[in-house]
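> Return a 3D structure for these sequence lines:
(2 chains)
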Amino acid sequence: MELKEKLASSFLAFENKVDIDTTSKVHDIRTEAFGAFESKGFPTKKDEEWKYTSLNAVLKHDYNVFPKAIPTLAYEQVKKFLLNETDCYNLIFIDGVFSSFLSETTHDGLDVCVMSAALEKPKYKMVIDAYFNQLANKKNSLSDLNTAFSNEGAYIQIPKNTVVPKPIQIVNFSTGTEKELLIQPRNLVIVGENAHVQIVERHQSLTENNTLTNSVTEIFVKTRGIVDVYKMQNDRASASLIDSTFVSQERDSVASVHTFSFGGNLTRNNLEFYQEGTHCVSHLNGISILNEKQHVDNHTLVKHKAPNCESHEMYKGIYDDRATGVFNGKVIVEQAAQKINAFQQNNNIIVGDKASVNTKPQLEIFADDVKCSHGCTIGQLDESALFYMQQRGIPKKEAKALLMYAFSNDALKDVKIPELKAQLNKIIAHKLDVKIGFDL
Amino acid sequence: MLKIENLHARIEDKEILKGLNIQVNAGEVHAIMGPNGAGKSTLASVIAGKEEYEVTEGNIALNEKDISELAPEERAHEGVFLSFQYPVEIPGVTVTNFIKSSINETRKAKGLEEMPAKDLLKMIREKSELLEIDRKFLSRSLNEGFSGGEKKRNEIFQMAMMEPKLAILDETDSGLDIDALRIVANGVNKLKSNDNAVIVITHYQRLLEYIVPDFVHVLYDGKIVKSGSKELALELEEKGYDWIKEELKA
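Reported below is the predicted structural model:
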């Protein structure tokens, strides 16, 4: 059976099992979303947005949507995938199911809890009606598929004037109880007026069995709100990820999304920013360090809809062996968005003979008084820097590694959680085979 | 220490060094002066082993060992240090981390253990004081956003850390104000001993007031065309290079 057909029957089962309240707005949204998915189907390379990323190999697996048995995981088993020196709120999911044992939620002054509760309980109805699927609706067939099966994930609501004192960590583990599993986390984040929150998100497979994660996150940032999101993608070769994240910003808000891609089989990031008010600032940062046959596709969209805003986009990549990368950065400046500053940069280093990267900036500008710049480089390492380092006694191989380390480390300077920064640093050094970590 | 005989070198199809000879003994300071385009920086790069330059004839011996076939890092391990005219910026690697890598890679090449962090710190402290370098400076990315003077001072700081046998200072005075020049020169003078040697490449006599050379050479059209004592530098400062060109024609 084709995956699409299998999903149709799974959706019927889902309606009977989970989506029971047929009078709810959420039910209508799910039904409509499945319809949208069915009519469009999975994207193929014929779609302009998927020209360089083929899902064929990933979709030929016989994924199950409902895992039968959910194992429990001990903290010691998963500790290394978590921030654990930093006090955090934790939302931990195992094979798509919430683990209250490993999690730390709160309703004390803010809501850090699970989506399933928010979708069901009457006290969240107003918020769900106002925000749920407002950004993700019909953006792409995969986000529609996620919406159709939306049930579990993180629900985060920060009231106005609240600075969340510790980061919120959202981690999805897959354990391999199903030979092939499709997980579809659905997250909703509402950052209130003048509120501030940091979120760390991670998908981690613990098995050689195939996992496909199709994740959707909607983030609303109110006036003067600040949100920092860190996406850690350092998964096994058996895991693929399609991540769609939509951010809507009101005036004077600052939103940053950092994407760290170091592992996994196929990773597709759809990251979309919508600047609805004036004086918004958006940061999109990414670093990919890939080898073997890994593939990462970063598709970004920044829609400038209001004047006096800024967007800063910086993506870097290092590709070794047969790894492949895609960067597609679209910036749309609407006519009303005068005096905006949109900056985009994509720098790549190709190490492996069979590695490649496709990079494509797309600017559509309808306002006349704006500053938009973009640049991309694809190259080998700087020979003069290599000579300089060799002259100081560092052999060429180590000099190359150190230069790549420097190139990627530079992207960590805006990481505001020290433990996360140290973890990233360690992963980068390990991936590039550099022994470093000595500071005064 | 260094003996170069009949050195010919070219980059792409252009021959730059055309039969250069020089001998530098331990404990000596040599200055190499000459007009633009004479081949001064090329000589420095060729001694350090930059791969773009092809040595077509002649040889370079360091302590009687031919180094002309060695990789740049191997020459560094043998004790060659080049203070760059334009030090490269490396964002993302701190000065300290870079020096640690330099020292430990060099030790590794000599079959030594890594230097214990405590010893390294102590050495960094001593040498940074010698060059009046602020500690904060050491945790910054290498050369990134450094002023011209800071870059040069950082070069000499690295030289102090590496303790080379042969130090080549390629226009270390360019971009330095008088105070920085004094600090850098003072650093070089303190590091000088009977076991090492210094080659100063410069356009101007100014630096040589602080680092006093035992010998001054004029490099012109790829060859050393005149050698003399430190007074030669003064003469060049006063009269320029035209009289040497005239002498050569005659």
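> Looking at chain A, which residue is nearest chain B?
Among all residues of chain A, A:Ala406 sits closest to chain B, at 3.2 Å; criterion: Cβ to the nearest Cβ. (Glycine included, C-beta is placed from N, CA and C.)
> Isn't that residue up against B:Glu89?
No - the criterion here is Cβ atoms under 8 Å, and A:Ala406 misses it with B:Glu89 at 10.0 Å.
> Same drill for those two, tell me which one is more crowded.
A:Ala406 (25 against 16; other Cβ atoms under 10 Å in any protein chain shown).
> from chain B, which residue is nearest to chain A?
Closest approach between chain B and chain A, counting by Cβ to the nearest Cβ: B:Gly92, at 3.2 Å.
> ok, that residue - how many residues close by?
With other Cβ under 10 Å as criterion, B:Gly92 counts 21.
> and it, that one's in a strand?
Yes - the assignment for B:Gly92 is a strand, going by DSSP: H, G, I helix; E, B strand; the rest coil.
> wouldn't it be in contact with A:Ser408 here?
Yes - here B:Gly92 lies in contact with A:Ser408, judged by Cβ under 8 Å, at a distance of 7.3 Å.
> tell me the SS of the closest residue to the residue of chain B closest to chain A other than its chain neighbours?
Once flanking residues are discounted, B:Gly92 sits nearest to A:Ala406: 3.2 Å by Cβ to Cβ, 6 or more residues apart in numbering or on different chains. Assigned with three-state DSSP, A:Ala406 falls in the helix class.
> and A:Ala406, what does it touch?
Shown in contact with A:Ala406 (Cβ atoms under 8 Å, 6 or more residues apart in numbering or on different chains): B:Ile90, B:Pro91, B:Gly92, B:Val93, B:Ser141.
> at 10 Å what do you get?
Neighbouring residues of A:Ala406 by Cβ atoms under 10 Å, 6 or more residues apart in numbering or on different chains: A:385, A:389, A:432, A:434, A:436, B:89-94, B:97-98, B:141-142, B:144.
> Show me where chain B has its strands.
According to DSSP state E, chain B carries its strands in the segments B:2-11, B:14-24, B:29-33, B:53-62, B:65-66, B:80-83, B:90-94, B:141-142, B:166-170, B:197-201, B:215-220, B:223-228.
> Quick one: mean pLDDT over the helix or strand where A:Leu363 lies.
Counting by DSSP states H and E, the element that carries A:Leu363 is strand A:356-365. Mean pLDDT, strand A:356-365: 96.
> Remind me what it packs against, helices and strands.
strand A:295-304, strand A:310-319, strand A:324-333, strand A:341-350, strand A:371-379 (3 or more Cβ pairs under 10 Å, 6 or more residues apart in numbering or on different chains; DSSP states H and E).
> Can you lay out the ones you listed as CSV showing distance to A:Gly277 and mean neighbour count?
Output for the helices and strands packed on strand A:356-365, formatted as CSV (distance: least, Cβ to Cβ, whole Å; neighbours: other Cβ atoms under 10 Å in any protein chain shown):
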stretch, distance to A:Gly277, mean neighbour count
strand A:295-304, 11, 24
strand A:310-319, 13, 23
strand A:324-333, 15, 23
strand A:341-350, 16, 20
strand A:371-379, 19, 13
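> any chance of the ones you listed in TSV, with distance to A:Gln134 and mean pLDDT too?
Listed next are the helices and strands packed on strand A:356-365 as TSV, based on distance: least, Cβ to Cβ, whole Å; pLDDT from 0 to 100:
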stretch	distance to A:Gln134	mean pLDDT
strand A:295-304	15	98
strand A:310-319	21	97
strand A:324-333	19	97
strand A:341-350	24	96
strand A:371-379	27	93
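> what's near enough to touch the closest residue to B:Glu52 other than its chain neighbours?
In space, and not counting its chain neighbours, B:Glu52 is closest to B:Ile11: 5.6 Å by Cβ to Cβ, 6+ apart. Residues in contact with B:Ile11, defined by Cβ under 10 Å, 6+ apart, are B:Leu17, B:Thr42, B:Ser45, B:Val46, B:Lys50, B:Glu52, B:Tyr53, B:Glu54.
> Repeat that for B:Arg140.
Contacts for B:Arg140 were tallied using Cβ under 10 Å, 6+ apart; they are B:Pro91, B:Thr94, B:Val95, B:Thr96, B:Asp134, B:Phe146, B:Glu150, B:Asn154.
> Any figure for the gap between the spatially closest residue to the fourth one that is not a sequence neighbour and A:Asn56?
Closest residue to B:Thr96 apart from its sequence neighbours, by Cβ to Cβ, 6+ apart: B:Leu138 at 4.9 Å. B:Leu138 sits 52 Å away from A:Asn56, taking Cβ to Cβ, to the nearest Å as the criterion.
> B:Tyr53 now?
50 Å.
> And these two? Which one has more around it.
B:Tyr53 (18 against 9).
> so the more buried one makes contact with B:Pro72?
No - B:Tyr53 is beyond contact range of B:Pro72, at 11.1 Å (criterion: Cβ atoms under 10 Å).
> Next, show the common contact partners of these two.
B:Ser45.
> Enumerate every residue touching B:Thr67.
In this structure residue B:67 is Ile, not Thr. B:2, B:47-49, B:59-61, B:74-75, B:78-80, B:166.
> now the helices: where do they sit in chain A?
Assigned by DSSP state H, the helices in chain A fall at A:3-17, A:25-40, A:56-59, A:75-78, A:115-120, A:125-131, A:141-148, A:383-391, A:396-409, A:418-431.
> quick one on the thing from earlier: residues contacting the residue of chain B closest to chain A?
A:402-413, A:428, B:141-142, B:144.
> which two in those residues are spaced the farthest apart?
Maximum pairwise distance in the contacts of B:Gly92, criterion Cβ to Cβ, is 18.2 Å, between A:Ile428 and B:Glu144.
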